[in-house]
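**Student:** Any chance you could fold what I've pasted below:
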Amino acid sequence: MQAVPSEFLAIDRKSRVHIPFEDVGLRDPEKRICDFDDVVLPLSTEEAILEASRCIHCPDPAPCVEACPTHNDIPSAMWLIEQGQFLEAAALYRQTSSLPEICGRVCPHEQLCQGSCVRNKHHEPVLTGALESFVTDYARSLEGVTIQVGQSTGKKVAIVGAGPAGLACAEQLVGRGHQVTIFEAKNTPGGLLLYGIPNFKLPKDIVLARWKDLDKAGVEFVGDTYIGKDKTIDDLFEEGYEAAFVGVGTGIDAPMEVPGEDLPGVYLATEFLIRGNVEMEYLPEGLRSRPTIGRKVAVIGGGDTASDCLRTALRMGAEEVFCLYRRTEVEMPGGKKDRQLAREEGAKYQFLTQPVKFIPGDDGRLAQIECIKMRLGEPDEKGRRRPVPIEDTNFFVEADTAILALGYWPDPVIGETTTNLDTHKWGLIVTDQVTGATSRPGVYAGGDAVTGPDLVVTAMVAGRNAAAAIDDYLRNK
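**Tutor:** Numbering: from 1, shown residues only. Next up, the predicted model:
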């Protein structure tokens, strides 16, 4: 336990408003683009105590708690941190979150807890995400993390997909005494956390440490097994599993469907990020080499994946990296924080621009991108203004590498190979919104495979909710 500075003892609510704000520290952009290490500097104990002391402890229900998909008891955690009770704060987070050390880093806090902090009206919000990762890292380094295993029920549950939904579901099920096996198409657990999010945002050792917690608790992992191709959900039930949870995400890159997108030098975002960021030992067969990039790299798209690709290309040595987006920055779905970091590191943005053709050079590789200028028309069904091409405004952009970060589609294979499993919208699984129950008794699903591309935290919550429903099903069927 850390000593609390005397000036923060018994501090009243009014005085808390005047405690100075210090944002998280970042490594210098010129240095951080030379490696794939974490760009965020860890808080010191003194900085954590000071920042937590800025919380004014709103009456229940606190806006930050309401905005958090896990409903973490953030005000109580802030109070514990300001008292120096870091272990107790970490334990509090783990009561409601299966991945607090990860969510503290990758959640869009400015849209969730921090964005709902009442201090935003006149001041900077409390850095709830940084404090969540600080205390959970602190507790792990000091005493490790142990998942409490429940008394054995003798029931076997299969989990398909080792991403955030599957890992959370597994943690909750072993805590209830069930025998859990995770089946994963790749050779290492983590899913999106390991293969999709670059190390400079989420260090791989944090993901692997969380897997080791599950491994020690008895969760079995079966890698290199593609459910729907190597074996089916029906096969799992025949092997003795009494329930199954599907948390496979949405891993199919949306195509652009323009001439030349199959040229050498044009990559889909998933392949580019996996090959560019993941250690060779974790890469699937066929992807164990770094992507070849040239001097000028274009990333097409406006989400967080586009930002990840921009920043990865810079670290791989590209001289000029730019984003082409068909709307304006106002309509971009990705987080502002990631775009700010990308700009600091040298990425450029070109808005109201739509690529229409990829053009090869004499060597057959990508050399140019033909684009057309756009304007914004009437809002679409989601409320964003539609991009409309402006006739006779075609122009050419030099680029020897292009990365398509256009979003993701569900893999339809689970729906196509599972008896009596209802799907919709190109393969998304139909479930009960609360329990995750599907049309097939004993089969549950959650995360992006149900909602389409969404947040790590919402997938994790879906996995936890489904685990509670699976437990009830197994005990009462």
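**Student:** For V219, give me its contacts.
**Tutor:** Listed by CB atoms under 8 Å, 6 or more residues apart in numbering, the contact set of V219 reads 170, 174, 180-182. In this view, the C-beta of every residue, glycine as well, is placed from N, C-alpha and C.
**Student:** Which residue ranges of the stretch 101-250 of the chain form strands?
**Tutor:** Along the stretch 101-250 of the chain, counting by DSSP state E, counting those that start in this stretch, strands occupy 156-160, 179-183, 220-222, 243-246.
**Student:** Now that we have those strands, can you turn them into a markdown table and tack on mean pLDDT and mean neighbour count?
**Tutor:** As requested, the strands of the stretch 101-250 of the chain are exported to a markdown table (pLDDT from 0 to 100; neighbours: other CB atoms under 10 Å):
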| stretch | mean pLDDT | mean neighbour count |
| --- | --- | --- |
| strand 156-160 | 98 | 27 |
| strand 179-183 | 98 | 23 |
| strand 220-222 | 98 | 16 |
| strand 243-246 | 98 | 28 |
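**Student:** What is the neighbour count of the closest residue to R384 other than its chain neighbours?
**Tutor:** Distance criterion CB to CB, 6 or more residues apart in numbering; nearest residue to R384, sequence neighbours excluded, is E331 at 4.9 Å. Look at E331: counted by other CB atoms under 10 Å, it has 19 neighbours.
**Student:** Look up how far R386 lies from E331.
**Tutor:** Counting by CB to CB, to the nearest Å, the gap from E331 to R386 is 10 Å.
**Student:** tell me, what's touching the two both at once?
**Tutor:** In contact with both E331 and R386: L376, using CB under 8 Å, 6+ apart.
**Student:** which one of the strands of the stretch 101-250 of the chain lies closest to S439?
**Tutor:** strand 243-246 (12.3 Å; CB to CB).
**Student:** Would you confirm that V40 contacts G25?
**Tutor:** Yes: with contact defined as CB atoms under 8 Å, V40 reaches G25; the gap is 7.3 Å.
**Student:** higher neighbour count, those two?
**Tutor:** V40 (18 against 13).
**Student:** show me the contacts for the nearest residue to the more buried one once chain neighbours are set aside.
**Tutor:** The shortest distance from V40 to any non-neighbouring residue, by CB to CB, 6+ apart, is to V24 (5.6 Å). By CB under 8 Å, 6+ apart, V24 lies in contact with 40-41, 43, 127, 130.
**Student:** change it to 10 Å
**Tutor:** Going by CB atoms under 10 Å, 6 or more residues apart in numbering, V24 touches 39-43, 47, 51, 127, 129-131, 133-134.
**Student:** Including pLDDT, could those residues go into JSON lines?
**Tutor:** Output for the contacts of V24, formatted as JSON lines (pLDDT from 0 to 100):
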{"residue": "V39", "pLDDT": "97"}
{"residue": "V40", "pLDDT": "97"}
{"residue": "L41", "pLDDT": "97"}
{"residue": "P42", "pLDDT": "95"}
{"residue": "L43", "pLDDT": "97"}
{"residue": "E47", "pLDDT": "96"}
{"residue": "E51", "pLDDT": "96"}
{"residue": "L127", "pLDDT": "97"}
{"residue": "G129", "pLDDT": "97"}
{"residue": "A130", "pLDDT": "97"}
{"residue": "L131", "pLDDT": "98"}
{"residue": "S133", "pLDDT": "97"}
{"residue": "F134", "pLDDT": "98"}
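**Student:** Just give me the closest of these to W79.
**Tutor:** Nearest to W79 among the contacts of V24, with distances taken as CB to CB, is L131, at 11.5 Å.
**Student:** The closest one is in contact with P75, isn't it?
**Tutor:** No: counting by CB atoms under 10 Å, L131 does not reach P75; the two are 11.8 Å apart.
**Student:** Overlap in contacts, the two.
**Tutor:** C55.
**Student:** the more surrounded of those two?
**Tutor:** Shown here are L131 and P75; by other CB under 10 Å, L131 has more neighbours (27 against 19).
**Student:** Quickly note the distance from that one to R210.
**Tutor:** For L131, the distance to R210 - CB to CB - is 19 Å.
**Student:** follow-up on the earlier one: which of the contacts of V24 fall in helices?
**Tutor:** Using DSSP state H, the members of the contacts of V24 that fall in helices are 47, 51, 129-131, 133-134.
**Student:** any chance of the residues you listed in CSV, plus distance to D234?
**Tutor:** Shown next, in CSV, are those (distance: CB to CB, whole Å):
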residue, distance to D234
E47, 54
E51, 52
G129, 41
A130, 45
L131, 46
S133, 41
F134, 45
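**Student:** ok, which pair from those is furthest apart?
**Tutor:** Farthest pair in the ones in helices among the contacts of V24, by CB to CB: E47 and G129, 14.1 Å.
**Student:** Tell me the buried residues in the helix or strand hosting V457?
**Tutor:** Using DSSP states H and E, V457 maps to helix 456-476. Residues of helix 456-476 classed as buried by neighbour count (16 or more other CB atoms under 10 Å): 456-471, 473-474.
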